[in-house]
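Asker: Next one to model:
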Amino acid sequence: MDVTRQSLRLEFIQEATLHAAECGVQLEPQMVKKTPTSGGTEKWDCKRCGAVLNFVTCKWTRTNVIERGRQYARVQPETNLRLVASARLNGINMKQATEFFGGMGIQCPRYKNVAHAELKIREAIDELADERIEENLRKHATAVRISEGYKGDLKFYCKKEGKWYKI
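Answerer: This is a model prediction of the structure:
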């Protein structure tokens, strides 16, 4: 169990204990929905006041990055994004890592889901790189224009397109 899941569990235990102390009855599990890789949801019912407390074992996040070929950003387990980001920073092949974890019996996300997270991270890196290239080009152009001996922008005619361009 990782640190995030432990802290989520501790927060829920504190909330449930506080509620049980206020109502004077023990909470009873109403429904447990488990998924094999991304945790699950537990619903606990208070018989006295009818309150239902939900415990989600994994936080789901939606990033601003839209994966290639998708219409909108989809939610993903936070652990998938953290796993892929740390693997990318350390130069670890995710296919081999997921096979390694599976061989040891460690529960980890399916490679298909990890691949989606990896595509999102690549897309974010590409967007950032494009912004930096454009910014650097602007800085370079202004530095050249204020330099000594600058003769002006180059003008040329493209016969293929039939247009004048200025660089």
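
Asker: For Arg68, see how far away the most centrally placed residue in the chain is.
Answerer: By C-alpha atoms, centre = their mean, the chain has its centre lying nearest to Leu81, at 4.1 Å. For Leu81, the distance to Arg68 (C-beta to C-beta, to the nearest Å) stands at 17 Å. Where you see a C-beta, it was placed from the backbone N, CA and C, and this is true even at glycine.

Asker: Touching, Thr98 and Lys112? I think so.
Answerer: No. Applying C-beta atoms under 8 Å, one finds Thr98 not in contact with Lys112, separated by 9.8 Å.

Asker: who's more crowded, those two?
Answerer: More crowded of Thr98 and Lys112, by other C-beta atoms under 10 Å: Thr98, with 21 against 8.

Asker: what is the rounded mean pLDDT of the host helix or strand of that one?
Answerer: Secondary-structure assignment from DSSP states H and E places Thr98 in helix 94-104. Here helix 94-104 scores 83 as its mean pLDDT.

Asker: quick one on the thing from earlier: for the residue nearest to the centre of the chain, report the pLDDT, please.
Answerer: At Leu81, the pLDDT value in this model is 81.

Asker: tell me the contacts of the nearest residue to it once chain neighbours are set aside?
Answerer: Among residues not flanking Leu81 along the chain, Ala117 sits closest, at 5.3 Å (C-beta to C-beta, 6 or more residues apart in numbering). Listed by C-beta atoms under 8 Å, 6 or more residues apart in numbering, the contact partners of Ala117 are 76, 80-81, 83-84.

Asker: Equivalent analysis for Ala115, please.
Answerer: Met94.

Asker: Could you give the separation of the helix or strand hosting it from the chain centroid?
Answerer: Using DSSP H and E, the element containing Ala115 is helix 111-146. Computed by C-alpha atoms, centre = their mean, to the nearest Å, the chain-centroid distance of helix 111-146 equals 17 Å.

Asker: Can you name the element that comes right after it?
Answerer: strand 155-158.

Asker: which secondary structure elements does that following strand contact?
Answerer: Contacts defined by 3 or more C-beta pairs under 8 Å, 6 or more residues apart in numbering; DSSP states H and E place strand 155-158 against strand 163-166.
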